[in-house]
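S.K.: Sequence first, predicted coordinates after that:
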Amino acid sequence: MTPPPLRHRILTASLLTVAALYFLMPVYWLAVSATKNSADLFGTFGFWFADPHPVDHLTEVLAYDHGIYVRWFANSLLYAGAGAVCATLLSAAAGYALAKFPFPGREAVFTVVLAGVLVPGTALALPLYFLFSAMGLSDTYWAVLIPSTVSPFGVYLCRIYAAAAVPDSLLEAARIDGAGEARIFGGLGLRLMTPALVTVFLFQFVHIWNNYFLPLVMLSDSGLYPVQLGLTSWTGYADRQPVLYQYTVGGAFLSVVPLMVLMAVLQRYWRTGLTEGSVKA
Amino acid sequence: MSRATPSRPEPAARKRARGAGGSGPRRPSRTRARHARAAAGFVLPFLALFGLCFLAPLGYALHQSLQKTERTGPLGLGREHESFAGLANYAQALSDDRFLAGFGRVLLFGAVQIPLMIVLATVLALLLESASARGIAFFRTAFFLPYGVPGVIASILWGFLYVPGISPLVKIADSLGLHVDFLSRGTVLWSLANIVTWQFTGYNMLVLIAQLKAVPGELYEAARIDGASARQVARYVKIPLIRPALVLTGVFSIIGTLQLFAEPMVLRPLASSIDSGYTPNLHAYSEAFVGNNPQVAAAEAVLLALVACALSFGFLRLAGGPAGERR
């Protein structure tokens, strides 16, 4: 095959570069601005440094209000980490059963789960709040954690993957060897489904980490806030306390970096998982 | 998202399961009972939580939306009690001009932003998959990074890039003699659209690339040998092949757009034109927490869910449906 003409390559490269500038520009602005104090944030040109003191400013963010930012970050990790682990295991078990066991009502269950994928999450958040506050669960860790453990999309993905990747003959062989169903699932099913599980975990982790509406309606104690909610509470006060603008920028920077690293490193898993989801669906 | 495709292997699996235990007449039924028990053990934990977090709130919202709070006693200062209100809350929601305007706004937003974003994602995916591209890993990562930025943070970030006193973009435009206002009544909706596009284009691009890669390379080769240009291959081979993924991203974008909340909520203090009813979700939220009117808020949440389901199913139908496409 002949290489494409130079004209094409130049055109492609310039289009890609323009797009990259667009996608990276706000991140670059954030990185530059995280090194500035309040005065420079407003007084100097946003796309260039002015007397950078990144470490000092970021330490101030972490120390402000008795380290509330660290607490928010830990909360986010708890919600997203614990929620995603539970959601992955629950989805794996349900998807595995839906794929591998013919039981009455199976299709009905799957249809309901699929409908769950299409119901907008925030349309559920308000009713969920009414329900949880009637049960006395609102404004607790459980109010965010419990809904985070449910992922209809995860069940959907796990079912498709299990149907393709877990051979019936292997399950039969394990049964003939006398293994119980729970052991077969734990030892065999989970291992064969690992790529799908990584994807479900990632999706759910990012979904919970990014979720704003649910914690906003559920929580009023700022000690329970995840990072996102905490940062918006800072911007809300920034009119009266302008240093909070600086802290918001610093806090946003600190919260974005780990997730972006995660995205870049784990791109491969997003891809395999998505192929599974969109091609075999 | 078809029900039919994943369930296709079923009959074979069922036959095999029966065949394996089919030595006596009692064996299969015992196997089946054992299977049903195991399946229940695997499915029930999920179903219980799904019921609590999906079905119960929907049911509760439906119930709430049909109630009204009444106060007894002189001057309505007595005890509160709930009574059946029929469809009064729905009538109130649907006759609220601001709620309807919010719906109109997100529909306009979706009609412009979704096609724009999907076209952009498709172009970037095709460019990255074309033979002319260099530095593919870098560009792919750069485009995908914003997906790791939560909507709230993205809005805070772009908010700083929109506000006149602090934004370097406004400063650059000023020095070029252009006066841009990202937050005026006319422009703020498109400034919001920009935030959403920035966040999700890369993600959609990745979905499309995955689908492009799933197509055997010989197909492209064959088209090329038949004399098709790179552009013709893209137009007549690649785009039809990624149609299911395009439909899927379309559906998820529609659902996402109707839920628009975090972005306008964060930009609200910056832009006076964003009021408490700017999007349906914002309206329901303020009904519930500011207006102290949970029943109307519940009715609005139900309406929102219904419209989202209707639109995404309608879109699936209209687009031929990924199921029909793949059969």
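M.R.: Cool, the structure landed. Residues are numbered from 1 along each chain as shown, chains lettered A, B, ... in the order given.
S.K.: All the helices of the stretch 51-200 of chain B, in order from the start?
M.R.: B:56-65, B:88-94, B:97-129, B:136-144, B:151-162, B:168-175, B:188-214 (DSSP state H, counting those that start in this stretch).
S.K.: From the contact counts, what lies against the shortest one?
M.R.: The contact analysis (3 or more Cβ pairs under 8 Å, 6 or more residues apart in numbering or on different chains; DSSP states H and E) places helix B:88-94 against strand B:67-71, helix B:294-318. Quick note: C-beta positions are derived from backbone N, CA and C, even for glycine.
S.K.: tell me the most buried of those?
M.R.: Taking mean count of other Cβ atoms under 10 Å in any protein chain shown as the contact definition, the stretch among those with the greatest mean neighbour count is helix B:294-318, which reaches a mean of 21.
S.K.: starting at the chain centroid, how far to that helix?
M.R.: The chain centre lies 12 Å from the centre of helix B:294-318; the measure is Cα atoms, centre = their mean, to the nearest Å.
S.K.: For chain A, tell me whether that helix is touching it.
M.R.: Yes. Judged by Cβ under 8 Å from any Cβ of the partner chain, helix B:294-318 comes into contact with chain A through B:294, B:297-298, B:301-302, B:304-305, B:308-309, B:312-313.
S.K.: Quick check: B:A61 vs A:F185, distance?
M.R.: Taking Cβ to Cβ, to the nearest Å as the measure, B:A61 and A:F185 are separated by 35 Å.
S.K.: Could you verify my assumption that A:I208 touches A:L77?
M.R.: No. The criterion here is Cβ atoms under 8 Å, and A:I208 misses it with A:L77 at 10.3 Å.
S.K.: Between these two, tell me which one has more neighbours.
M.R.: Counted by other Cβ atoms under 10 Å in any protein chain shown, A:I208 and A:L77 do not tie: A:I208 has more neighbours, with 26 against 15.
S.K.: hey, C-alpha coordinates of the helix or strand hosting the more buried one in CSV?
M.R.: Taking DSSP states H and E as the criterion, the element that holds A:I208 is helix A:194-210. Taking only C-alpha atoms (Å, rounded to 0.1, in the frame of the first residue of the first chain), the coordinates of helix A:194-210 have been written out as CSV:
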residue,chain,number,x,y,z
THR,A,194,-12.3,-10.4,34.6
PRO,A,195,-12.0,-8.0,31.6
ALA,A,196,-15.7,-7.2,31.8
LEU,A,197,-15.5,-6.7,35.6
VAL,A,198,-12.6,-4.2,35.2
THR,A,199,-14.8,-2.2,32.8
VAL,A,200,-17.8,-2.3,35.0
PHE,A,201,-15.7,-1.2,37.9
LEU,A,202,-14.2,1.7,36.0
PHE,A,203,-17.6,2.9,34.6
GLN,A,204,-19.2,2.8,38.0
PHE,A,205,-16.2,4.4,39.8
VAL,A,206,-16.2,7.3,37.4
HIS,A,207,-20.0,7.5,37.5
ILE,A,208,-20.1,7.7,41.3
TRP,A,209,-17.1,10.0,41.4
ASN,A,210,-18.8,12.4,38.9
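S.K.: Counting by contacts, list what that helix packs against.
M.R.: Of the remaining helices and strands, those touching helix A:194-210 by 3+ Cβ pairs under 8 Å, 6+ apart are helix A:54-100, helix A:141-148, helix A:152-165, helix A:267-279.
S.K.: Can you tell me which of these is packed in deepest?
M.R.: Comparing the helices and strands packed on helix A:194-210 on average neighbours, where mean count of other Cβ under 10 Å defines a contact, helix A:152-165 leads with a mean of 24.
S.K.: separation between B:F261 and A:S76?
M.R.: The span separating B:F261 from A:S76 equals 19 Å under the rule Cβ to Cβ.
S.K.: which secondary element of the chain has the worst mean pLDDT?
M.R.: Going with chain A. Within chain A, judged by mean pLDDT, DSSP states H and E, the helix or strand with the poorest mean is helix A:267-279; its value is a mean of 54.
S.K.: other chain: chain B
M.R.: Among the secondary structure pieces of chain B, namely its helices and strands, helix B:4-7 has the lowest mean (mean pLDDT, DSSP H and E), a mean of 39.
S.K.: Output the below-cut-off pLDDT ranges for the stretch 101-250 of chain A.
M.R.: Across the stretch 101-250 of chain A, no stretch falls below the confidence threshold (pLDDT under 70).
S.K.: How about A:G116: what's its closest non-neighbour residue?
M.R.: Nearest residue to A:G116 in three dimensions, chain neighbours excluded: A:P152, at 3.5 Å (Cβ to Cβ, 6 or more residues apart in numbering or on different chains).
S.K.: if I read this right, the one you found contacts A:L114, doesn't it?
M.R.: Yes. At 7.2 Å, A:P152 and A:L114 qualify as touching, with contact defined as Cβ under 8 Å.
S.K.: how about A:L16, secondary structure?
M.R.: A:L16 carries the three-state label helix when classified by DSSP: H, G, I helix; E, B strand; the rest coil.
S.K.: Could you pull up the residues touching the residue lying closest to it once chain neighbours are set aside?
M.R.: Using Cβ to Cβ, 6+ apart and skipping the chain neighbours, the partner closest in space to A:L16 is B:F139 (4.9 Å). If a contact means Cβ atoms under 8 Å, 6 or more residues apart in numbering or on different chains, then B:F139 has A:16, A:19-20, B:128, B:133 as its contacts.
S.K.: Which of those residues sits closest to B:L189?
M.R.: B:L189 has its nearest neighbour among the contacts of B:F139 in A:A19, at 22.9 Å by Cβ to Cβ.
S.K.: wait, what's in contact with the residue nearest the centre of chain A?
M.R.: Relative to the mean C-alpha position of chain A, the nearest C-alpha, by Cα atoms, centre = their mean, is the one of A:V206, at 0.6 Å. With contact set as Cβ under 8 Å, 6+ apart, A:V206 has these partners: A:80, A:259, B:147-148.
S.K.: what would the residues you listed look like in TSV with distance to A:C158?
M.R.: Rendered in TSV, the data for those read as follows (distance: Cβ to Cβ, whole Å):
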residue	distance to A:C158
A:A80	19
A:L259	24
B:Y147	22
B:G148	24
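S.K.: low pLDDT regions in the stretch 201-327 of chain B?
M.R.: Residues of the stretch 201-327 of chain B that meet the criterion pLDDT under 70 lie in B:320-327.
S.K.: mind checking how far A:L229 is from A:A87?
M.R.: Applying Cβ to Cβ, one obtains 20 Å for the distance of A:L229 from A:A87.
S.K.: wait, does stretch A:178-189 contact chain B?
M.R.: Yes. Where contact is defined by Cβ under 8 Å from any Cβ, part of stretch A:178-189 touches chain B, namely A:181-182, A:185.
S.K.: Now that stretch: buried residues?
M.R.: Along stretch A:178-189, these residues count as buried under the neighbour rule (16 or more other Cβ atoms under 10 Å in any protein chain shown): A:179, A:181, A:184-185, A:188-189.
S.K.: just the residues you listed now: which is nearest chain B?
M.R.: Proximity of those to chain B was ranked by Cβ to the nearest Cβ; the top entry is A:E181 with 3.6 Å.
S.K.: I'd guessed that closest one sits against B:A36; true?
M.R.: No. Taking Cβ under 8 Å as the definition, A:E181 is not a contact partner of B:A36, at 10.9 Å.
S.K.: of all the residues of helix B:294-318 next to chain A, which comes closest to A:P195?
M.R.: The closest of the residues of helix B:294-318 next to chain A to A:P195 turns out to be B:S312 (Cβ to Cβ; 27.4 Å).
S.K.: Not counting residues beside it along the chain, what's closest to that closest one?
M.R.: Distance criterion Cβ to Cβ, 6+ apart; nearest residue to B:S312, sequence neighbours excluded, is B:V251 at 4.7 Å.
S.K.: List the residues that contact the one you found.
M.R.: Under the criterion of Cβ under 8 Å, 6+ apart, the contact list for B:V251 reads A:118, B:1, B:312, B:315-316.
S.K.: Among the residues you listed, list the two that are farthest apart in space.
M.R.: The two members of these with the most space between them (Cβ to Cβ) are B:M1 and B:F315, at 11.7 Å.
S.K.: What's the separation between B:L260 and chain A?
M.R.: B:L260 is 9 Å from chain A, where distance means Cβ to the nearest Cβ, to the nearest Å.
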